[in-house]
Structure formats: structure tokens, C-alpha cells
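>>> With the input below, show me the fold.
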Amino acid sequence: MGRVIKFLVYLLCLAFIAIVGYAYLGPWFGSDFSAPQREIRVPVTLNAD
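Presented below is the predicted three-dimensional model:
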């Protein structure tokens, strides 16, 4: 049982490293993670009594 837990911990660490690496290196390989940028103006009515 200890081997299975140790294997899962190693697998979790490798998955974390892979996700962080993909987040940093993704734009170099064509993945764009940035949000679309545009200005949004919405009128706001304040009720000051």
C-alpha cells in the first residue's frame, strides 16, 4: 500500500510540473492563454438617498 501512495505522490508532482511547464512554454508552441481584450462601457445608476 505504501508503494501505491508513493507512486501517486510522484505522479502528482510530475503532473504539477507538467502543467506549470505547459503554462509557461505554451505560448512558444502556439497556445494563447490571454483573455480577449476589449473595452466594455456599461452605464451605472446610483440611488443616493
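>>> any weak-confidence spans in this protein?
Within the chain, the ranges that satisfy pLDDT under 70 run 49.
>>> measure the residue nearest in space to the middle of it to residue 39 for me?
Closest to where the C-alpha atoms of the chain average out (Cα atoms, centre = their mean) is residue 23, at 7.1 Å. As judged by Cβ to Cβ, to the nearest Å, residue 23 and residue 39 stand 27 Å apart. In this view, the C-beta of every residue, glycine as well, is placed from N, C-alpha and C.
>>> circling back: so for the residue nearest to the centre of the chain, what's the nearest residue that isn't a sequence neighbour?
Distance criterion Cβ to Cβ, 6 or more residues apart in numbering; nearest residue to residue 23, sequence neighbours excluded, is residue 33 at 7.1 Å.
>>> Tell me, how many residues neighbour that neighbour?
Residue 33 is flanked by 8 other residues according to other Cβ atoms under 10 Å.
>>> so it makes contact with residue 27?
Yes. Using Cβ atoms under 8 Å, residue 33 makes contact with residue 27 at a distance of 7.1 Å.
>>> What are the boundaries of the helices in this structure?
2-25 (DSSP state H).
>>> How about the backbone phi and psi for residue 47?
Backbone torsions for residue 47, taken as degrees, to the nearest 10, come to phi -100, psi 90.
>>> From residue 20, how far off is it?
Applying Cβ to Cβ, the value for residue 47 to residue 20 is 47 Å.
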